[in-house]
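In: any chance you can model this:
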Amino acid sequence: MLVRMSGALMRGLLVALLIATPAILLPEVTSDQSQLVVLAALLAAFLTFAEYNSPSPSIVEFRDAAPFNRMRFVTVFLTVFLLTAIARGGSDLNSMSQGIAAIGTIVGNAIDFPFSPVRLIVLMLPHDASAEMIDEVRSAAGISYLISLIAMVAFGALVRLWNWPVRNGAFNVWVNLPLFDPTTGGDVLYRLQRDARFNIAFGFLLPFVIPAVVKAASDLIDPVSLENPQTLIWTITAWAFLPASMIMRGIAMSRIAGMIEEKRRRAHQTAAKDAEYQAAW
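Out: The predicted structure is shown next:
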């Protein structure tokens with residue numbers, strides 16, 4: 001119990017640190033923004049602690065299938081930290097901010113070709129956006145997209161080369177997929193394969209869909225302003241991380257479907273051998 005509570009407390013503190021990172025590192029944060037960030041950080045920390053301190057799952061998927069959630073957290077934290085360092089470099093120029101901004105500029109320019117996700121998010125900006133704003137958004141989009149691609153490749157390698165999730169022991173579907181009811185909706189294998197394909201396909205399309213939807217809705221409502229550093233950080237992070245998270249979830253569910261299919265095949269082979277043995281006698 002103490003081990004579970006300490007682990008849940010540590011996870012809650014890390015989530016709170018993630019949410020508070022831009023407000024801590026960026027200069028000229030207003031008191032209203034600070035209060036809102038503190039409230040959001042405390043709420044997220046409490047929810048994380050309650051989830052991981054409970055012996056029964058609630059909404060967090062793959063809770064006992066490490067390191068799936070750890071990889072997702074590291075991806076978000078690294079993205080937020082690097083984008084915060086780039087935004088801080090605008091007022092407090094240092095070698096680290098310059099280096100990160102240079103990497104983001106190189107990656108952003110390399111990916112910024114027609115109909116690419118980076119090009120679409122740059123086109124999402126208003127027509128009167130300054131050149132400095134366009135370069136900052138392109139750099140942020142490039143480095144966040146690179147981090148998401150690395151996370152997806154790393155998780156794919158983890159599944160293929162290190163035999164995730166069975167390498168750490170038996171996989172419990174109820175604990176790791178609390179929102180998935182295996183008793184309804186037809187065959188479990190078909191539903192897992194269908195959900196895996198949907199997550200991978202939608203995750204691939206989402207970086208293209210989000211800028212197009214925002215651009216189309218800008219004529220009806222006020223568009224999202226990326227001039228505020230915190231708004232820029234969280235918008236670009238969500239744009240890059242949500243598709244990567246959906247693709248990783250699709251890969252994970254496809255892996256689980258493959259495990260179930262393999263187990264069924266072995267069970268059928270065992271039943272056939274038993275039937276042949278009984279027929280021989």
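
In: when you work out contacts or count neighbours from here on, use the C-alpha atoms and nothing else.
Out: Fine.

In: can you show me the helices along the chain?
Out: Here the chain has its helices, by DSSP state H, at 2-25, 31-53, 68-88, 95-111, 117-123, 131-161, 173-176, 188-217, 229-280.

In: mean confidence for the longest one?
Out: Think helix 229-280. Helix 229-280 carries an average pLDDT of 87.

In: reformat the helices of the chain as a markdown table; add mean neighbour count.
Out: Shown next, in a markdown table, are these (neighbours: other C-alpha atoms under 10 Å):
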| stretch | mean neighbour count |
| --- | --- |
| helix 2-25 | 18 |
| helix 31-53 | 17 |
| helix 68-88 | 21 |
| helix 95-111 | 18 |
| helix 117-123 | 22 |
| helix 131-161 | 19 |
| helix 173-176 | 17 |
| helix 188-217 | 17 |
| helix 229-280 | 17 |
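
In: of all the ones you listed, which one is nearest Glu61?
Out: helix 173-176 (5.0 Å; C-alpha to C-alpha).

In: so which of the helices of the chain comes closest to Pro182?
Out: Across the helices of the chain, closest to Pro182 is helix 188-217 (C-alpha to C-alpha), at 5.8 Å.

In: packing partners of the closest one?
Out: Contact analysis of helix 188-217 by 3 or more C-alpha pairs under 8 Å, 6 or more residues apart in numbering; DSSP states H and E lists helix 117-123, helix 229-280 as its packing neighbours.

In: tilt between it and helix 229-280?
Out: 160 degrees (axes from the mean of the first three to the mean of the last three C-alpha atoms, to 10 degrees).

In: run the angle between helix 188-217 and helix 131-161 for me.
Out: 170 degrees.

In: what separates helix 188-217 from the chain centre, distance-wise?
Out: In terms of C-alpha atoms, centre = their mean, to the nearest Å, the centre of helix 188-217 is set 13 Å apart from its chain centre.
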